[in-house]
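Q: 3D, please:
(one chain, ligands or ions: 2)
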Amino acid sequence: MQSANETYLGLDLSTQKLKAVLLNANLENVAHAEVKFDSDLPEFRTTGGVNAGTAKNEYYVQPVMWIKAIDMVLDRIVVQGADLSTVVALSGSAQQHGSLYWSRAGIETLRNLDADKFLHTQLDDSAFTVHRTPIWMDGTTGRQCEEMEAGVGGRERMVQITGSRCYERFTGPQIRRIFQQRPDCYRNTERISLVSSFLASIFLGDVAPIDCSDGSGMNLLDVRTRDWSDDCLAACAPGLRAKLGEPVPAATVIGAVGSFFVQRYNFNTGCRVVAFTGDNLSALAGMNVGKDWLALSLGTSDTVMMKLNAPSNLQEGHVMVHPTDDGFMGLLCFRNGSLVRDIFKRAEANDNWENFSELLDSTPRGNFGNLALHFISKEILPPVKGSLRWNKNSNLTSVELAKGVLKYSSPQSEIRALVEGQMLTRKTYATEMGFSFGENTKILATGGASANRSILQVASDVFNAPVYTQKTTEAALIGAAFRAKYVLSVARAKESPCGDGKGVVNAPGPYYDFIANLLPHSVTRVCDPSKDSEEIYGAMVERYRAMVSFMMEQQD
Ligand SMILES: Nc1ncnc2c1ncn2[C@@H]1O[C@H](COP(=O)(O)OP(=O)(O)O)[C@@H](O)[C@H]1O
Ligand SMILES: O=C(CO)[C@@H](O)[C@H](O)COP(=O)(O)O
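A: Ligands and ions are numbered 1, 2, ... in the order given. Here you go, the predicted structure:
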């Protein structure tokens, strides 16, 4: 039976941080802690949480950094007042697509962790066959993408099976590259984890299954049957099914917390571990979005998410297995999100978000016809690299602007052109994915930049829809704790003896209603679109498309 002082732990291993939150039975925040990779773990020399490799578009992380962060974040949340013995279920979220390669010795160590030692002194480099984990920012697998699509019978077929065409950051192409370039490492790999199932594995004390929802970001899972596709596995690398293990639905209790955590952090032996999932899926769970809602996550990457009843066969964009119901989730990911806004904040706004907002607010909507696209690293949607600034004439001056010879004459124009360009990109692709904008459309924003009202006002104007936020900007993190509570309630109802009245636990019903009942007033309307929004931004979409075509022609 549920007792009033039970708590739920959520974790989120995002690009730049590892965060933890403890929620009580009413889903209220009891304690929170975070570890920032750049500043708290400087010995790993990351920038924005990642290391750049020597090859073009190569980005990786050393897994030991994440392991070190786990000890640190738990120590910190205890200092914040968390009594971890009250946690009845925990779950987590993590950046999507990255892959970790367990050695046999690593799995042995994982199963026998010594509570008197730090995790990172036990699970060191020898636990993994690949010491540079490729993460979602990596773009080195163009060749493997082509090979895998050809292997299954073409791009369309890949989209039909997995919900996405092959993307360079997706796990399947990354695994194939390791198989081809480092065959010994691949052969010596006992199991492969996603970042989410890796984090779950640590808490479980054994290799955790990959969940079907994060598994949809691999180009390996059949999103309809919710199992690995034999065609995709064959097109990727040999012996892969055994290395991946069987996928499970995100709503699965995968075991009890490992004894390391019981002895070292005072967790209860009965604390259940619920399958961890990808951060975008977890954000959808944390935002609990219903019909008419478009979720906009402004974390390190910007992502747009929506609920889909059936998979769309759109080639640009991803269809994933929904984390909390039987349907699907549509996802669009934009690599040049916060990191580019960070660059402009430093260069144009004295490294201060308030200045950035003032400059943004002091320029009229439409920016006198100045519009810019900044894809500092190769963008996912559209697949373009470079910067392009156009003014209202979009011709001669634009060429000079395009060459980077010129910037706009004021920081105000620079910043508005950037943010309007970003939001136009998000809206154009959301429309192409099949989201139909109408008078009932509402945007729910989350992620670090959703704390910025000025950025949200541009989003509201460009999307021509009201923007809402939740109390927290960390939907992926709270989504993990919400799922822990919900999945535990489902498990308890199943375990409970039925029919005799006493002690029977009722099934909690669908996830959406369960969370909505606990948190009936969880969103606040923060921005409304200006009256002239459609007039201004409707027309700008065509210019935006012309700019993208221009950039496409310039690509090498
Ligand atoms: N007030 C603000 N205005 C705009 N952006 C902000 C603000 N505060 C934080 N951010 C952005 O949030 C980003 C981090 O978002 P977060 O959701 O914590 O990232 P992730 O979960 O991907 O690690 C930072 O890179 C920063 O650009
Ligand atoms: O690649 C994707 C989604 O497909 C990214 O959204 C990653 O999942 C990273 O997430 P953040 O750290 O930006 O939240």
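Q: what does the stretch 301-450 of the chain put close to ligand 2?
A: Within the stretch 301-450 of the chain, the positions near ligand 2 by Cβ under 6 Å from any ligand atom are 301, 303, 333. From N, CA and C alone the C-beta is placed, and that goes for glycine too.
Q: cool, and the chain?
A: For the chain, the contact set with ligand 2 under Cβ under 6 Å from any ligand atom comprises 14-15, 95-97, 136, 169, 217, 278-280, 299-301, 303, 333.
Q: contacts with ligand 1 among the residues you listed, please.
A: 14-15, 299-300.
Q: give me the residue from the protein nearest ligand 1.
A: Proximity of the chain to ligand 1 (Cβ to the nearest ligand atom) peaks at residue 448, 2.0 Å away.
Q: go ahead and confirm that residue touches residue 297.
A: No: assessed by Cβ atoms under 8 Å, residue 448 is found out of contact with residue 297, at 9.5 Å.
Q: neighbour-wise, which of those two wins?
A: Legend: neighbour count by other Cβ atoms under 10 Å for residue 448 and residue 297, higher for residue 297 (29 against 20).
Q: and what about the more buried one, helix, strand or coil?
A: Of the three states, residue 297 takes strand according to DSSP: H, G, I helix; E, B strand; the rest coil.
Q: which positions in the protein make contact with ligand 1?
A: Residues of the chain found near ligand 1 (Cβ under 6 Å from any ligand atom) are 14-17, 299-300, 338, 341-342, 353, 447-449, 451-452, 455.
Q: please repeat the previous calculation with a cut-off of 8 Å.
A: With Cβ under 8 Å from any ligand atom as the criterion, the chain comes near ligand 1 at residues 12, 14-17, 19, 48-49, 95, 279, 297-301, 337-339, 341-342, 345, 353, 356-357, 446-449, 451-452, 455, 473-474, 476.
Q: buried subset of those?
A: Buried by 16 or more other Cβ atoms under 10 Å: 12, 14-17, 19, 48-49, 95, 279, 297-301, 337-339, 341-342, 345, 353, 356-357, 446-449, 452, 455, 473-474, 476, out of these.
Q: pLDDT score for residue 34?
A: pLDDT for residue 34: 98.
Q: for it, grab the count of nearby residues.
A: Neighbour count of residue 34, defined by other Cβ under 10 Å: 20.
Q: now do the strand or helix carrying it: everything it contacts.
A: Residue 34 belongs to strand 29-36 when elements are defined using DSSP states H and E. Among residues not part of strand 29-36, those counted as contacts by Cβ atoms under 8 Å, 6 or more residues apart in numbering are 7, 16-24, 41, 69, 72-73, 76-77, 79-82, 472.
Q: which strands border that strand, and is each parallel or antiparallel?
A: Using DSSP bridges, the strands paired with strand 29-36 in its sheet are strand 17-23 (antiparallel).
Q: go ahead and produce CSV holding the CA coordinates of the partner strand.
A: Output of strand 17-23 as CSV, limited to C-alpha atoms (Å, rounded to 0.1, in the frame of the first residue of the first chain):
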residue,chain,number,x,y,z
LYS,A,17,24.5,18.2,-16.7
LEU,A,18,23.4,15.3,-14.6
LYS,A,19,20.3,16.3,-12.5
ALA,A,20,18.3,14.6,-9.8
VAL,A,21,15.0,15.5,-8.3
LEU,A,22,13.0,13.9,-5.4
LEU,A,23,9.2,14.3,-5.5
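Q: just the terminal-to-terminal distance for stretch 469-483.
A: For stretch 469-483, the first-to-last residue distance is 20 Å (Cα to Cα, to the nearest Å).
Q: in that stretch, which residues are buried?
A: Buried residues in stretch 469-483 (16+ other Cβ under 10 Å): 469-470, 473-483.
Q: from these, which is closest to ligand 2?
A: residue 476 (6.5 Å).
Q: tell me what angle the helix or strand that contains that closest one forms with strand 17-23.
A: Per DSSP H and E, residue 476 falls inside helix 475-495. Relative orientation of helix 475-495 and strand 17-23, computed by axes from the mean of the first three to the mean of the last three Cα atoms, to 10 degrees: 50 degrees.
Q: after helix 475-495 comes which helix or strand?
A: If you walk from helix 475-495 toward the C-terminus, the next helix or strand you reach (DSSP H and E) is helix 511-518.
Q: what comes into contact with stretch 548-556?
A: Where contact means Cβ under 8 Å, 6+ apart, the residues beyond stretch 548-556 that reach it are 373, 375, 382, 384-386, 388, 402.
Q: in strands, which of the residues you listed fall?
A: Among the contacts of stretch 548-556, DSSP state E puts 373, 375, 386, 388 in strands.
Q: turn these into CSV, columns for distance to residue 108.
A: Shown next, in CSV, are the ones in strands among the contacts of stretch 548-556 (distance: Cβ to Cβ, whole Å):
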residue, distance to residue 108
373, 50
375, 44
386, 48
388, 53
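Q: of those, which is the nearest to ligand 2?
A: Nearest to ligand 2 among the ones in strands among the contacts of stretch 548-556: residue 375, at 15.2 Å, using Cβ to the nearest ligand atom.
Q: what bridges to the closest one?
A: residue 386.
Q: list the contacts for it?
A: Applying Cβ under 8 Å, 6+ apart to residue 375 gives the contacts 335-336, 384-387, 551.
Q: counting neighbours, what do you get for the residue nearest to residue 176 when sequence neighbours are not counted?
A: Nearest residue to residue 176, sequence neighbours excluded (Cβ to Cβ, 6 or more residues apart in numbering): residue 144, at 4.2 Å. Number of residues near residue 144 (other Cβ under 10 Å) recorded here: 27.
Q: do the same with the one 5 residues further on
A: Applying other Cβ under 10 Å, we find 20 residues neighbouring residue 149.
Q: got it, and residue 120?
A: 18.
Q: run through the protein and note the low-pLDDT ranges.
A: By pLDDT under 70, the low-scoring segments of the chain are 1-2, 394-405, 498-504, 556.
Q: confirm that residue 283 sits in a helix.
A: Yes: remark: residue 283 belongs to a helix, assigned using three-state DSSP.
Q: sec struct for residue 462, please.
A: Reduced to three states by three-state DSSP, residue 462 is helix.
Q: that one and residue 413: what is the separation?
A: Distance, residue 462 to residue 413, using Cβ to Cβ, to the nearest Å: 17 Å.
Q: between those two, which has more neighbouring residues?
A: A side-by-side neighbour count of residue 462 and residue 413, using other Cβ under 10 Å, places residue 462 first with 27 against 21.
Q: how much space between that one and residue 455?
A: 11 Å.
Q: same question for residue 145.
A: Using Cβ to Cβ, one gets 32 Å for the distance from residue 145 to residue 455.
Q: what does residue 477 give?
A: 20 Å.
Q: how about the nearest residue to residue 62, chain neighbours excluded?
A: Among residues not flanking residue 62 along the chain, residue 44 sits closest, at 5.8 Å (Cβ to Cβ, 6+ apart).
Q: can I get the contacts of residue 375 in a markdown table including neighbour count?
A: What follows is the contacts of residue 375, written out as a markdown table (neighbours: other Cβ atoms under 10 Å):
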| residue | neighbour count |
| --- | --- |
| 335 | 20 |
| 336 | 25 |
| 384 | 19 |
| 385 | 16 |
| 386 | 15 |
| 387 | 19 |
| 551 | 20 |
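Q: closest to residue 317 among those residues?
A: residue 335 (14.1 Å; Cβ to Cβ).
Q: what is the end-to-end distance of stretch 296-311?
A: End-to-end span of stretch 296-311 (Cα to Cα): 20 Å.
Q: how far does it sit from the chain's center?
A: Offset of stretch 296-311 from its chain centre (Cα atoms, centre = their mean, to the nearest Å): 9 Å.
Q: before we move on, what about stretch 338-358?
A: In terms of Cα atoms, centre = their mean, the centre of stretch 338-358 is found 23 Å from the chain centre.
Q: what's it in contact with?
A: 48, 298-302, 359, 374, 376-377, 411, 414-415, 418-419, 422, 447-449, 452-455.
Q: does residue 203 really touch residue 258, like I thought?
A: Yes: under the criterion of Cβ under 8 Å, residue 203 makes contact with residue 258 at 6.4 Å.
Q: residues in contact with residue 462?
A: Shown in contact with residue 462 (Cβ under 8 Å, 6+ apart): 420, 423-424, 426-427, 533, 537.
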